[in-house]
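K.L.:
only the shape, not the letters, is given here:
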């Protein structure tokens, strides 16, 4: 996991057929799997939590609070040199 994506990987084992159990449709493949999900906003990877209960994977992620980028702009003026900082909120 990083601030822009989360990677989920694992192994799904085949469940043995249970006598008397009826399957209508089972399209989930067995074996190794991997998914990379791109996130719409940056997150704080240190605050991510995951749980797996009853066949459901739940991942909770917090948005990164400090979404600021500082740009340094050097500008020369007639009276001398100025340094201007621009802060962009993303």
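P.N.:
On my side now, so go ahead. Quick caveat, the model's predicted, so the values are computed rather than measured.

K.L.:
now residue 9. Nearest residue, chain neighbours left out?
P.N.:
residue 34 (4.0 Å; C-beta to C-beta, 6 or more residues apart in numbering). From N, CA and C alone the C-beta is placed, and that goes for glycine too.

K.L.:
is it fair to say the one you found lies in a strand?
P.N.:
Yes. Under DSSP: H, G, I helix; E, B strand; the rest coil, residue 34 sits within a strand.

K.L.:
ok, it - contacts?
P.N.:
The neighbourhood of residue 34, defined by C-beta atoms under 8 Å, 6 or more residues apart in numbering, consists of 7-9.

K.L.:
who wins on neighbours among those residues?
P.N.:
Comparing the contacts of residue 34 by number of neighbours (other C-beta atoms under 10 Å), residue 8 comes first, having 13 neighbours.

K.L.:
pLDDT below threshold where in this protein?
P.N.:
Within the chain, the ranges that satisfy pLDDT under 70 run 1, 26, 66-90.
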